[in-house]
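Return atomic coordinates for the entry below.
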Amino acid sequence: MSDMSSQMSTDPISAIGVVTSLSKVTAGYYVVAQTTDGCDADLWKDGLFKSKVTRYLCFTRKTGPDVVVDLKLIDIKDMLPESFTPVHETMDTKEAAMRKKRLCVKMSPREAVKTAVHDIQIIAKSKYHLVNYTCIGEINNMGIWYRMGDVPQHQSTQEPFSIAESDALCNTTSRRTMGRPHYEHQISGIYTMTALEDVPFVISEKFCENPTMMQQVNLMGITIKSLAEIEEEVSRGCNARMLLTPLAQNAKQTVLGL
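Here you go, the predicted structure:
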């Protein structure tokens, strides 16, 4: 059983190989040294005579551009499946990896797939089936099984705007909008500035004071007067009426006397 079988790693397998000895395993590789029931997982032995030649399956989960997406175990004389690569030699001695079978591996770019091979186990022939595993074939009365899993995708390293940067941007935009109209124009994705850029826009102080007298405006023959002028004319009219009242009464008495 592989060293990582009980941990159910979330990392996919990135390479598969065969070694001749458990002591010659490449750093970073895990060896399937035993079957699921604790027997020797030697892929070379013939079952009748004890051989000095041994072969053990190994794999790595080192992060790389490619991952293993499928496995096939075929006879040595069968045609190689399309898009698969055979494991011809051992990693430590460059000898033949298997004598009757060929292990074929299909690789794919990590970013192009959602699922890949995550674990490999070897069980005794017809002993039992592994849940969520798929059998690719049998060799030396043992079955080779693999488990598929999701491929974690690398996320963008772009950092989001901080709260302080966002507030600063909003404040700058607000000041520019309140100070004067925004005259920026976008041309081919580039913003250009006008001659009035960053010139403060304020109202002259003389227009902020309340005038004591409003200038008369003649609009279509209608004269618009200020409140003070209207009050002054009303006052003059009242005084004139007060002067005319006695005269009118005297004139009335004179007429009646006649």
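
Point out where the stretch 1-150 of the chain drops to low pLDDT.
The model of the stretch 1-150 of the chain has pLDDT under 70 over residues 1-8, 46-51, 126-127.

Go again with 90.
For the stretch 1-150 of the chain, the stretches flagged by pLDDT under 90 are 1-10, 24, 37-38, 44-53, 99-100, 124-130, 140-141.

looking at this, residue 103 is in a strand?
Yes: using DSSP: H, G, I helix; E, B strand; the rest coil, the assignment for residue 103 is a strand.

OK, contacts around it?
16, 18, 57, 71-73, 86-87, 97, 144 (Cβ atoms under 8 Å, 6 or more residues apart in numbering). From N, CA and C alone the C-beta is placed, and that goes for glycine too.

List of residues touching stretch 144-152?
Under the contact criterion Cβ under 8 Å, 6+ apart, stretch 144-152 has outside partners 10-12, 57, 67, 71, 73, 103, 110, 113-123, 130, 132-138.

so which of the contacts of residue 103 is the most crowded?
residue 57 (25 neighbours; other Cβ atoms under 10 Å).

quick revisit: which among the contacts of stretch 144-152 end up buried?
11-12, 57, 67, 71, 73, 103, 110, 113, 116-123, 130, 133, 136 (16 or more other Cβ atoms under 10 Å).

Strands - which of the residues you listed land there?
Counting by DSSP state E, the part of the buried ones among the contacts of stretch 144-152 found in strands is 57, 67, 71, 73, 103, 116-123, 133, 136.

To what extent is residue 112 buried, counted in neighbours?
10.

coming back round to it: distance to residue 230 added to the contacts of residue 103, as JSON lines?
What follows is these, written out as JSON lines (distance: Cβ to Cβ, whole Å):
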{"residue": "16", "distance to residue 230": "102"}
{"residue": "18", "distance to residue 230": "110"}
{"residue": "57", "distance to residue 230": "108"}
{"residue": "71", "distance to residue 230": "102"}
{"residue": "72", "distance to residue 230": "105"}
{"residue": "73", "distance to residue 230": "109"}
{"residue": "86", "distance to residue 230": "108"}
{"residue": "87", "distance to residue 230": "107"}
{"residue": "97", "distance to residue 230": "112"}
{"residue": "144", "distance to residue 230": "107"}
